[in-house]
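[1] no sequence on hand, only this structure:
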């Protein structure tokens with residue numbers, strides 16, 4: 001049968017054989033197809049610039065270049081891009097495959113450990129325990145097994161088990177079970193290997209779909225791991241003569257192979273099922289031969305022969321099992337020639353104790369004792385070398401332990417010295433503590449005094465704030481009272497100003513229809529009705545305009561316009577209101593002046609000023625004039641009258657709402673307030689020329705708007 005040492009061959013050899021045996025049965029054009037896919041992906045990779053799109057391409061290229069040096073380059077590029085976009089899943093995938101790459105090379109343990117530490121660092125930084133970490137640690141453990149350093153491998157396997165148990169990571173427990181199974185097989189503890197493999201298989205069977213999805217663990221990956229462990233469990237089981245259990249395991253093994261075969265058909269998986277069938281039947285041959293069931297062994301051998309040949313390659317684990325089972329079968333059937341033939345084919349690949357022992361048993365049955373002695377010498381030499389190697393390794397471990405004990409002794413002495421130093425430090429600390437407590441008390445007292453002073457200052461500040469608030473409330477109350485008074489005045493004025501023209505309109509309307517009135521009298525009545533109608537309309541317009549201006553609802557349509565034309569229209573609109581004995585004159589600038597304005601609002605402003613002048617002028621002159629200022633930026637428009645004038649102490653108040661100098665004159669006191677708002681909206685200003693004393697002079701400063709008007 002195949003011994004532990006056969007299985008301890010480089011793991012790369014096993015998977016190389018799997019790949020070679022599978023691809024050897026593919027048509028020749030399949031390799032060409034893969035080459036075309038590689039070329040196509042490389043072209044796409046050159047054109048693609050986004051890292052998230054390049055990563056899947058690099059993954060596929062790494063898969064297509066399995067067991068080739070190019071695989072490492074693609075994986076390193078995948079890792080760099082994954083780090084750049086901080087994709088943890090892709091980072092772990094790249095690190096896992098890079099570790100696998102170095103694991104499959106026997107002389108690259110330093111590189112393998114470097115990348116395992118890289119995974120450990122990333123996982124520690126993110127405070128997580130991903131699948132990649134456990135896979136990489138299992139690579140390190142298996143690498144030690146192939147190097148026959150079983151003691152260190154056992155230590156790493158137990159550490160892997162401890163971490164997985166503490167963090168409750170099922171996949172880590174599965175990896176540790178597989179590693180423990182390999183170690184137990186290597187040291188001929190097959191009964192323990194059966195238990196270890198069963199624990200791993202049970203954990204795999206109990207994994208839910210959700211857990212598999214979280215681990216990115218496909219059904220194909222799961223079946224691959226189950227097949228790998230159950231085949232080794234089957235061999236270990238019948239080695240310790242647990243035949244009934246071994247047959248049950250064989251049935252489960254066959255069911256898994258069929259499930260994998262079905263998966264191959266459904267999703268196009270490339271798992272080498274035929275090789276697995278060949279391995280299964282070869283193990284059954286060995287099982288039934290050991291049980292003495294030669295007929296069933298013959299049936300299994302016939303089935304194994306069907307899968308032998310091109311699905312096995314030289315050195316493949318499955319081929320070695322196949323050859324060993326045939327040698328065992330023919331030895332049991334006393335066909336020593338064929339038994340020696342097949343055992344010699346194994347010995348051409350490697351000479352291990354189990355194969356040498358089987359050949360010695362065959363030769364012993366033939367009576368060739370001299371050759372048997374040579375084989376026993378070789379077996380003894382192998383065991384002696386193995387024991388010597390183990391002894392040297394254990395000596396090195398003892399030396400390491402001695403150094404550790406020596407360091408522990410030094411550590412204890414240092415600890416004692418530290419304790420004495422600590423005692424002195426405690427005394428010093430006590431003294432410092434007393435000083436610090438005193439300082440703290442002084443500081444607390446200082447803080448208390450500062451806080452009391454601060455509270456006092458805050459109270460004073462609060463008192464001042466309350467006084468300011470009280471004064472502000474008094475001012476606001478006075479303002480409210482003033483506004484209320486203004487409202488009352490406005491209502492009274494409005495009542496009077498509306499009632500007076502309405503009474504005149506009603507009264508003179510009645511006289512118009514009186515047949516006894518002459519034509520001249522009726523014409524005079526019509527004039528009175530017209531004047532009072534205009535007064536009433538002006539009153540209503542003033543109230544509405546002021547309301548719209550204060551709420552911002554009045555729109556100003558600005559454009560360039562001739563000031564001369566605007567002034568003439570304003571003069572024409574109030575000419576009929578000029579009392580007899582009063583001259584209405586106009587003094588324009590010699591140069592043409594264009595203003596950027598809302599012509600209707602400017603005309604309204606001038607009309608209000610002229611109307612106001614007509615109201616308070618009984619004789620003399622009312623003059624409208626304008627002149628462009630020297631800088632050419634503004635024009636000065638003046639309305640001058642020879643009326644009663646405005647006292648200096650009231651000139652600042654005339655632009656307020658409802659302000660009237662003479663309560664006996666008609667009007668609401670809104671006209672000049674509207675003029676002030678319009679002037680401001682037009683970008684200008686209005687004021688009273690206090691230097692003029694022969695009446696009143698209102699001055700409007702208005703921005704100019706160019707040289708040619710838009711009419």
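    Okay, I see it. The model shown is predicted, which means the values in this text are computed figures rather than measured ones.

[2] and the contacts of stretch 628-641?
    563, 567, 589, 591, 593, 595, 606, 609-610, 613-614, 616-617, 620-627, 684, 689, 692, 695-704 (C-beta atoms under 8 Å, 6 or more residues apart in numbering). The way it works is simple: take the backbone N, C-alpha and C, and place the C-beta from them, glycine included.

[3] out of those residues, which end up buried?
    563, 567, 593, 595, 606, 609-610, 613-614, 616-617, 621-624, 626, 684, 695-702, 704 (16 or more other C-beta atoms under 10 Å).

[4] now the strands for the stretch 601-711 of the chain?
    620-628, 634-641, 685-688, 696-706 (DSSP state E, counting those that start in this stretch).

[5] closest to residue 238 out of these?
    strand 696-706 (110.4 Å; C-beta to C-beta).

[6] parallel or antiparallel, list what pairs with that closest one.
    strand 594-597 (antiparallel), strand 634-641 (antiparallel), strand 685-688 (antiparallel) (DSSP bridges).

[7] switch the ones you listed over to TSV; also include distance to residue 473 and mean pLDDT.
    As requested, the strands paired with strand 696-706 are exported to TSV (distance: least, C-beta to C-beta, whole Å; pLDDT from 0 to 100):
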stretch	distance to residue 473	mean pLDDT
strand 594-597	43	90
strand 634-641	42	92
strand 685-688	33	88
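
[8] and of these, who's closest to residue 321?
    Of all the strands paired with strand 696-706, strand 594-597 comes closest under C-beta to C-beta, at 103.7 Å.

[9] so what's the gap between the closest one and the chain middle?
    58 Å (C-alpha atoms, centre = their mean, to the nearest Å).

[10] circling back to that earlier point, could the strands of the stretch 601-711 of the chain be laid out in CSV, adding distance to residue 435?
    CSV is the format used below for the strands of the stretch 601-711 of the chain (distance: least, C-beta to C-beta, whole Å):
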stretch, distance to residue 435
strand 620-628, 86
strand 634-641, 79
strand 685-688, 74
strand 696-706, 78
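
[11] between those, which one is closest to residue 199.
    From the strands of the stretch 601-711 of the chain, taking C-beta to C-beta, the stretch that ends up closest is strand 696-706, at 95.1 Å.

[12] distance from the chain centre to that closest one, please.
    62 Å.

[13] just stretch 678-696 next, same as before
    Distance, centroid of stretch 678-696 to centroid of chain: 64 Å (C-alpha atoms, centre = their mean).

[14] now do the buried residues in that stretch.
    Those would be 678, 679, 681, 682, 684, 686, 688, 695, 696, for stretch 678-696 by 16+ other C-beta under 10 Å.

[15] again, but for stretch 70-83
    So, applying 16+ other C-beta under 10 Å, buried residues of stretch 70-83: 71, 72, 74, 75, 77, 78, 79, 81, 82.

[16] make a markdown table from those and add distance to residue 113, secondary structure and pLDDT to it.
    Below are the buried residues of stretch 70-83 laid out as a markdown table (distance: C-beta to C-beta, whole Å; DSSP: H, G, I helix; E, B strand; the rest coil; pLDDT from 0 to 100):
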| residue | distance to residue 113 | secondary structure | pLDDT |
| --- | --- | --- | --- |
| 71 | 19 | helix | 89 |
| 72 | 16 | helix | 90 |
| 74 | 22 | helix | 90 |
| 75 | 17 | helix | 92 |
| 77 | 22 | helix | 91 |
| 78 | 21 | helix | 90 |
| 79 | 17 | helix | 92 |
| 81 | 24 | helix | 92 |
| 82 | 21 | helix | 91 |
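
[17] between those residues, which sits nearest residue 298?
    residue 71 (43.8 Å).

[18] so for residue 275, which of the strands of the stretch 601-711 of the chain sits nearest?
    That would be strand 696-706 among the strands of the stretch 601-711 of the chain, by C-beta to C-beta, at 97.2 Å.

[19] per-residue confidence at the residue positioned nearest the centre of the chain?
    Closest to where the C-alpha atoms of the chain average out (C-alpha atoms, centre = their mean) is residue 86, at 10.5 Å. Looking at residue 86, its pLDDT reads 90.

[20] same check, this time on residue 209
    81.

[21] what does residue 304 give?
    88.

[22] now swap in the one 3 residues further on and tell me
    According to the prediction, residue 307 has pLDDT 83.

[23] tell me how many other residues crowd the closest residue to it other than its chain neighbours.
    Take residue 307 and drop its neighbours on the chain: the residue closest to it by C-beta to C-beta, 6 or more residues apart in numbering is residue 278, 3.4 Å away. Residue 278 sits with 26 neighbouring residues when counted by other C-beta atoms under 10 Å.
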